[in-house]
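Trainee: Requesting a structural model of the entry that follows:
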Amino acid sequence: MVLDLTLIIPCYNESVHIQRSLLDVMRVLGNTNLDYEVVLIDDRSQDDTLAKLTCFAADHGRIVVKHNERNLGRGGTVSRGIRESQARVVGFLDIDLSTQPVYVPYLTGLILEGIADVATCRRTYKIELRVLHRTFHRIILSHGYRRLSRWLLGHSLKDTETGFKFFDREKILPVLGQVEDQYWFWDTEIMVRSVLAGLRIVEVDSIFVRRPEKPSTVRIFRDVKAYLRNLFRFRKALRQSKRSWRNLHHG
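Mentor: Okay, here's the model as predicted:
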């Protein structure tokens, strides 16, 4: 029997919050009528994440634990999960649950009902004064990146970087084969390439709450430089593809 959903959860050094987060995810899925599996993929964590995943899976059904032989990056890890799934819908979420798992059934339903080929959560940041000093730069960078991405790449998506994306597996596989970046820019690539492929995309408003116990991995100057480099590289690649297509059909 083909499953309705494979929920992929990429994990890297998530030991601090992994058990509580997984309990929340399983509670939501347990209250649905979906035929699902949860695939936990450890991306060569340096802490005891893999051991905790294995113990959790032993006490809960419908969970598969996998681990990468080498670090693949977040995009590479999710790509592996999509390719190895046989479900109608494949999706992933960030295990810190900054976006709550209550959106999983709704996004899955949009695809199962034929309303969308790609369904994502568009993040709206919840401002908390007690952690504002830790999140303000992230909010500014996120909104700045969204505007710059739309301007440079010519799309109208509101939030390409959200860590909460669901896909019609059959339709996303050809797009996935075109994606080059396997790390954080993977998100922008797969969304923009989905637009170019004519897939129907629905962005659902959601509340994003930064988990205070999870240390930030944002390094402002390093990350801004990397994202700018990737944006311009990707824009160049898209322009070259368009020129090649025109030459093929009109040359």
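
Trainee: State the number of residues packed around Gly109.
Mentor: Residues contacting Gly109 under the criterion other C-beta atoms under 10 Å number 18. In this view, the C-beta of every residue, glycine as well, is placed from N, C-alpha and C.

Trainee: and the helix or strand where it lies, which residues are buried?
Mentor: Using DSSP states H and E, Gly109 falls within helix 104-112. Using 16 or more other C-beta atoms under 10 Å as the test for burial, helix 104-112 gives 104-105, 107-112.

Trainee: Please, where are all the helices along the chain?
Mentor: 18-30, 49-58, 73-84, 104-112, 132-153, 169-176, 186-196, 220-250 (DSSP state H).

Trainee: how about the ones you listed in CSV, adding mean pLDDT and distance to Thr124?
Mentor: Formatted as CSV, these follow (pLDDT from 0 to 100; distance: least, C-beta to C-beta, whole Å):
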stretch, mean pLDDT, distance to Thr124
helix 18-30, 96, 20
helix 49-58, 97, 29
helix 73-84, 97, 22
helix 104-112, 98, 16
helix 132-153, 68, 10
helix 169-176, 98, 25
helix 186-196, 96, 17
helix 220-250, 74, 21
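
Trainee: mind giving me CSV with those and columns for distance to Gly91?
Mentor: Shown next, in CSV, are the helices of the chain (distance: least, C-beta to C-beta, whole Å):
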stretch, distance to Gly91
helix 18-30, 11
helix 49-58, 18
helix 73-84, 9
helix 104-112, 7
helix 132-153, 21
helix 169-176, 10
helix 186-196, 12
helix 220-250, 23
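
Trainee: which one of those helices lies closest to Thr160?
Mentor: Thr160 sits nearest to helix 186-196 of all those, at 4.2 Å, using C-beta to C-beta.

Trainee: Need the CA coordinates for that closest one. PDB is fine.
Mentor: The C-alpha coordinates for helix 186-196 follow below in PDB (Å, rounded to 0.1, in the frame of the first residue of the first chain):
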ATOM      1  CA  TRP A 186      18.900  24.100  -1.400                       C
ATOM      2  CA  ASP A 187      15.600  25.700  -0.200                       C
ATOM      3  CA  THR A 188      15.800  28.600  -2.600                       C
ATOM      4  CA  GLU A 189      16.800  26.400  -5.500                       C
ATOM      5  CA  ILE A 190      14.100  23.900  -5.200                       C
ATOM      6  CA  MET A 191      11.400  26.500  -4.800                       C
ATOM      7  CA  VAL A 192      12.500  28.700  -7.700                       C
ATOM      8  CA  ARG A 193      12.900  25.600  -9.900                       C
ATOM      9  CA  SER A 194       9.400  24.500  -8.900                       C
ATOM     10  CA  VAL A 195       8.100  27.800 -10.100                       C
ATOM     11  CA  LEU A 196      10.000  27.400 -13.400                       C
END
